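Colleague: Pasting a predicted model and its sequence here:
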Amino acid sequence: MTQTQDKAVTAAMDGTPDMPVDEPARPARIRRPTDAMRFLVTLALLGLVLLLPAVARQTTSGIQSDITHTTAQAPHFLLTLANLVSTFGVLSVPVAFAVDRLIRRDGLRIAVGLLAAIIALCVTLGLDAWVAANAPQGLAEYLAWTDRPGLVHDPLHTDLTPVIAYVTAVRLAGRPRWQAVTWLVIGLAALAALAAGYASPLALAVTYLIGRAIGYGTLYGVGTPNPRPPGASVVAALRKMGPLPSGSRRVADGPEETRRYEVSLADGSALDVTVLDRDQQTAGLLYRAWRRFQLRSASPRRTLRSLRRSLEQESLMAYAVMVAGVRTPRLVATTEVDTEAALLAYEHVAGRTLGAVPDDEITDELLTAIWRQLRLLQANRLAHRQLEEGSILVAEDDHPYVVDLRAGEIAAGDLLLRLDLAQLLTTLALRVGPERAVRTAGEVLGADALAASVPLLQKVALSRDTRAILRRHKDLLTRIREQILQLRPEIEVAPIRLERFRPRTVVSIIAGTAGVYFLLSQLSNVDLSKLIAQADWWWAAIGLVASAVTYLAAAMMLIGFVPERLSLFRTVLVQLAGSFVKLMAPAAVTGVAVNTRFLQKAGVRPGQAVASVGASQLTGLMIHILLLICFGFVTGSSSTESIAPSRTVVIGLLFVAVLAGGVFTIPPVRRLVAARVKVLFSGVVPRLLDVLQSPRKILTGLGGTLLLTTAFVICLEASIRAFGGSLSWTAVAVVFLTGNALGSAAPTPGGLGAVEGALSLGLTLSGLPAETATSAVLLFRVLTFWLPVLPGWAAFAYLQRKEAI
């Protein structure tokens, strides 16, 4: 043993504190993910509470009356005592806590609390002024509601909000006595305000949520004192477990910002120490919650994890992997570090991660060795769940080691094991190409095992970092599948749907809800019974006929751009079936998908089917734009001698042009649009050349396009006249063309919400009374969107039975 090692051993055995650790300076304050999460959750609850008067007016009124009545029945002595205690305690208790903290030299905590209280006071005063002057009438009434005639009070409780924000920001969670007394006083103050009629139950709920939100927001913005133990404490905790450290240094952090240290021991060996900090256990919580909610998985993995559970999970996985014979650094010790962290100490293995290995050094022998480690994991039902480049350590002797076991699962199901295989296939294919990755995997695992992973080669099944890299290698997963199918051509790949829903589904639901809310808000101002009684239903019948003609026109439009012969009857049924499918996807998507499927079933090759539908869509778009411009000019010149467009049309076109120009200056958006257009309209020009050889086809396609627009305009005109309205036919055409364009661009099923809003606004601006415009749009949508749903379902079922779609 050298002299240096002798000194290190002596110092360790003597318990010399604070061994120097080579690490960056610790930040004095940190932003905890927990505070951000609580802030967002409180804001969401606040939004729900504020929506109650709008969506459940009678229920909200009944709850407020019941609570107030129950409070008034309490004994007078109790209410008097509550009023007396809260009057003095609501300020004296926070002041007493502040004095206690100042005596203990913890004044910064009180400064943060005072900052939160000041912000809360300003926000409350501002909201009071806004509610009194500009808030929706229903919300203002319920916030200022009272059962005492003649009594007027502020919408929010200005005295309580700063106190709640202060209490939240000073962090009383670790002081149960102070916490109990403080919240008892706040509760008594709320009870006294209710009994005296100076606050409504809804106002108190909003007051509480605003105070909590500001408190959590202030905590996250200012930060909290750093509770993470320094490196010296980590080394001291490790020393208590037996190893004798002689030095340590901080190395690159691991997954989910876990701290890592390389600790040199007195005997010349070394340890790799991973530190789990308590405040980091909620890091990535929103992402984990989203993935758990989004994916169909039988995994028992928890979204919320405690420090103890994280420590136990990684320890158990490390022991299980080692027993399975997989190469992995041996776990030497685990222990807590103070109360805010825990450590895991592994034997140090000199090497570098796979991501740091140059491409020319990744040999087939190394790839084979990596696949052998996966085979051992899968044979023992162990799922790693993060088999990325950073999870594979290549030692100096070129042997691979599996590391970063924190997310692993023991006794894993088949789905998790196949996901591991799909992840590692993608990881290695990104480095060495699909051919080598699949070939070496097949030599170790066999073609059957690889074939089982084919349905799981989906972006959604892979890790976040891998999905980000695949944006630059969009065809990689397809190439991997092709390589596997070359090994086993006769495989029947059963699709596996991993997603419960896609993000676009959430967008559609939100947009649809907003559209329905807008429509209902418009209908609330309309006396529907009176309008229905006075409506001329002969015009509604004309609108129904015009709506039926649209399906014939859409069929002609498709037939005209397909050189092959199509059945008119079945093509009309396909358009009718599209009205049912529109309930589940945006209108622009359903028409393309259903028509393309129909053409493929009719014998048209896939590429030509897509080109034919693209040709009809492109022609329809061009005619749509030309008609909009022409009718806009005619509308502007209808009341004047000069042929000039209306000012509204000019402003609208300029706005659209500027918006489109601004959007297309953003490179990612420009590339996305170009890629979508290229995919949709690739092959369109050759297909159009084929169609041009038949004048009959051209007349059918163009005639169907014009007839489709004319029928919709007639239907809208008939809907307007059914309720006694009257507009020029050119104005009706402009309104329809504009609303239809917005509906096609909207992400909601059938353009729900966007079409209603655009048509109602357009008819109102054109001079139609708001009540008539809303009723006409409602009838128009019933005739063209809702009424065809049931016949569309019947047509869809019939075509499926006949295998026509």
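Modeller: The structure has been received and is ready for your questions.
Colleague: check contacts around A412.
Modeller: Counting by CB atoms under 8 Å, 6 or more residues apart in numbering, A412 makes contact with R381, L382, A383. The way it works is simple: take the backbone N, C-alpha and C, and place the C-beta from them, glycine included.
Colleague: For the last one, the count of nearby residues, please.
Modeller: Other residues near A383 number 24, with proximity taken as other CB atoms under 10 Å.
Colleague: now the second one
Modeller: Summarising burial for L382: neighbours were counted as other CB under 10 Å, giving 26.
Colleague: quick one, what contacts it?
Modeller: Counted by CB under 8 Å, 6+ apart, L382 has contacts M317, A320, V321, A324, V326, G408, E409, I410, A412.
Colleague: need the next SSE after the helix or strand bottoming out on mean pLDDT in the chain, C-terminal direction.
Modeller: Sorting the helices and strands of the chain by mean pLDDT, DSSP states H and E puts helix 3-13 at the bottom, at a mean of 42. Remark: after helix 3-13, the chain's next helix or strand is strand 21-22, criterion DSSP states H and E.
Colleague: Walk me through which strands that following strand pairs with, and which way each runs.
Modeller: Using DSSP bridges, the strands paired with strand 21-22 in its sheet are strand 245-251 (parallel).
Colleague: For the partner strand, buried residues please.
Modeller: Buried residues in strand 245-251, counted by 16 or more other CB atoms under 10 Å: P245, S246, G247, S248, R250.
Colleague: which residues does the last one contact?
Modeller: I take that to be R250. V21, D22, E23, P24, G231, R259, R260, Y261.
Colleague: can you check A199 too?
Modeller: H153, H157, A190, A193, T207.
Colleague: wait, what's in contact with E314?
Modeller: Contacts of E314 (CB under 8 Å, 6+ apart): T274, L276, L344, L405, R406, G408.
Colleague: Against L316, how distant is the first one?
Modeller: Summarising the geometry, the distance separating T274 from L316, computed by CB to CB, to the nearest Å, is 15 Å.
Colleague: When these two are compared, which one has more neighbours?
Modeller: Applying other CB under 10 Å to T274 and L316 shows that T274 carries more neighbours, namely 24 against 15.
Colleague: burial count for R801?
Modeller: The burial count for R801: 8, using other CB under 10 Å.
Colleague: what's the distance between it and A356?
Modeller: 59 Å.
Colleague: Quick check on T466: phi, psi?
Modeller: With angles defined as degrees, to the nearest 10, T466 sits at phi -70, psi -40.
Colleague: what number of residues lie near it?
Modeller: 20.
Colleague: Kindly state the pLDDT recorded for the nearest residue to it once chain neighbours are set aside?
Modeller: Of all residues not flanking T466 in the chain, T426 sits nearest, at 5.8 Å (CB to CB, 6 or more residues apart in numbering). If you check T426, the pLDDT there is 96.
Colleague: Contacts only, for T161.
Modeller: So T161 contacts A120, L121, V123, T124, T207, I210, G211, I214 (CB under 8 Å, 6+ apart).
Colleague: Packing partners of the longest helix seen in the chain?
Modeller: Counting by DSSP state H, the longest helix found in the chain is helix 606-637. Packed against helix 606-637 by the contact rule (3 or more CB pairs under 8 Å, 6 or more residues apart in numbering; DSSP states H and E) you find helix 537-559, helix 587-601, helix 647-664, helix 667-681, helix 684-692, helix 695-722, helix 729-745.
Colleague: ranking those helices by mean pLDDT, which is last?
Modeller: helix 647-664 (a mean of 53).
Colleague: Strands of the stretch 351-500 of the chain, start to end?
Modeller: Counting by DSSP state E, counting those that start in this stretch, the stretch 351-500 of the chain has these strands, from start to end: 351-353, 392-395, 400-402.
Colleague: Which of these sits closest to R605?
Modeller: strand 392-395 (44.0 Å; CB to CB).
Colleague: just checking, what packs against the closest one?
Modeller: Strand 392-395 is packed against strand 351-353, strand 400-402, with contacts defined by 3+ CB pairs under 8 Å, 6+ apart.
Colleague: Name every sheet partner of it and say whether each one runs parallel or antiparallel.
Modeller: Strand pairing (DSSP bridges) places strand 392-395 next to strand 351-353 (antiparallel), strand 400-402 (antiparallel).
Colleague: Ranked by average pLDDT, which of those strands falls at the bottom?
Modeller: strand 351-353 (a mean of 94).
Colleague: Which residues does it contact?
Modeller: Contacts for strand 351-353 (CB under 8 Å, 6+ apart): E389, G390, S391, I392, L393, V394, A395, E396, Y401.
Colleague: quick one on the thing from earlier: now render the contacts of R250 as a markdown table, adding distance to R31.
Modeller: As requested, those are exported to a markdown table (distance: CB to CB, whole Å):
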| residue | distance to R31 |
| --- | --- |
| V21 | 24 |
| D22 | 25 |
| E23 | 20 |
| P24 | 17 |
| G231 | 21 |
| R259 | 16 |
| R260 | 21 |
| Y261 | 23 |
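Colleague: mind listing what the spatially closest residue to L424 that is not a sequence neighbour touches?
Modeller: Nearest residue to L424, sequence neighbours excluded (CB to CB, 6+ apart): L387, at 4.3 Å. Residues in contact with L387 (CB under 8 Å, 6+ apart) are L374, D420, Q423, L424, T427.
Colleague: wait, doesn't the first one sit right on L419?
Modeller: No. Taking CB atoms under 8 Å as the contact criterion, L374 and L419 are not neighbours in contact, 12.0 Å apart.
Colleague: tell me which residues in stretch 409-425 are buried?
Modeller: The neighbour-count check on stretch 409-425 (16+ other CB under 10 Å) flags 409, 412, 415-425 as buried.
Colleague: Check stretch 458-476 too.
Modeller: Result for stretch 458-476 [16+ other CB under 10 Å]: buried residues Q458, A461, L462, S463, T466, I469, L470, L476.
Colleague: repeat for stretch 597-606
Modeller: Buried-residue list, stretch 597-606, by 16+ other CB under 10 Å: R597, F598, L599, K601, A602, V604.
Colleague: Distance of the first one relative to P162?
Modeller: What it means is R597. 62 Å.
Colleague: before we move on, what about the third one?
Modeller: L599 is 67 Å from P162, where distance means CB to CB.
Colleague: The last one too?
Modeller: Distance of V604 to P162, computed by CB to CB: 70 Å.
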